[in-house]
Each structure stands twice: as structure tokens, then as C-alpha cells.
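[1] The following block contains a protein sequence and its predicted model.
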Amino acid sequence: MGKGSSILATLALVIGLGVGFFVLYDNFIAVPPTVSTGNQWYKTGSFQENMSPGTAWDTSSFFSIDFTVGLGETVYFSYVGHVLLHDSSGDSYVDICFSVDGIRWNYPFERVRRFSTSSPGGIQLSVVLQHYNTTIPSGNHTVNIAFRGTSTADALYMYQSLFVQTFN
């Protein structure tokens, strides 16, 4: 066997060992924690829900998730949605936050603002809320999206999703 063949054989051996160690590491050593579907709740939909008159807080009639927290469990909440600030609304804002068991949480809180600018059709903006809670008591709970705005032309708009997960 020539010098070139032994170099190729050594190179193939090194690559083979590298791939083999990667497969072992990926499948047996660095296995991500598995989550059973019994502790995940998810809702998604596409709709339009306009702001109520005035600046009173309202909750989404489309998004309400009932979930159960076990003893010592932590809860993760995630909301992804869109807000439409209509062109006719002028200077306006929309506030969004979580509401758990009818109690509006001040954190996380998102305010989406629009200043009087011309944009035919309005402005559509993405909103993301995430929260990690270790103090929620065990038992059954309900989470919803609370919102308010200064213009009834503005809305929670199009695709929205809400996710809840409990874990130890």
C-alpha cells in the first residue's frame, strides 16, 4: 500500500470516528429532556377582535386556556400575536398582558403605539409575551390575554397563539 493510500485510509478513519462520536453524543449523552403532552396546552387561531370603547381592560373571547399545575411545578406562558393599528386611529396604543384566574398581570406587559402617520390600511405589528412562573399554586387555573386600547378601530388581528407548559 502506497503513502497516498495510507493517508486516505487515516483520513477516512478519523472522519468515521468523528461521525461515530457525534452520533453517540447526540443520541445518548446530550439527550434533551422529554416533555409529555399531558402538561402542555396550546390554542391558535386567526381572527379580529377590536378594542372596546374607552381604555378599560378586556379579555380575549377567543383565547382562554384551562390548565393544571401540580405540586411544586413551574409554569411557562407564551403568547404570539399581531396588533392592527388602523389608519383612522391617529395617535393610539394597544396594551397586552396575561390574565390568570381573572387577575391581570402587569408583567410581562407590551404597549404597541402608533403616532399620527399616513399608512393606508394601517400598521400590523407582532407582539410576543413570555413568562416563567415558579409561585403559581397547584390546582386548576385559566389563562387569557388581556388588552385595552385607545381606538375602537385598532384590533388584535389575524394569527394568534397561546401556549402553556408546566414542568418540574
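    Sure, I can see it.
[2] which secondary structure elements does the helix or strand where residue 111 lies contact?
    Residue 111 is part of strand 103-114 when elements are defined by DSSP states H and E. Judged by 3 or more C-beta pairs under 8 Å, 6 or more residues apart in numbering; DSSP states H and E, the packing partners of strand 103-114 are strand 74-85, strand 92-100, strand 123-133. All C-beta atoms are positioned from the backbone trio N, CA, C, and that covers glycine.
[3] Buried ones in the longest one, by neighbour count?
    To tie it back to what came earlier, the one meant is strand 74-85. By 16 or more other C-beta atoms under 10 Å, the buried positions in strand 74-85 come out as 75, 77, 78, 79, 81, 82, 83, 84, 85.
[4] Please find the angle between the direction vectors of it and strand 103-114.
    Here strand 74-85 runs at an angle of 30 degrees relative to strand 103-114 (axes from the mean of the first three to the mean of the last three C-alpha atoms, to 10 degrees).
[5] Strand 74-85: partners in the sheet, and parallel or antiparallel?
    Here strand 74-85 has these sheet partners by DSSP bridges: strand 123-133 (antiparallel), strand 155-167 (antiparallel).
[6] With the shortest one instead?
    According to DSSP bridges, strand 92-100 forms sheet pairs with strand 103-114 (antiparallel), strand 139-149 (antiparallel).
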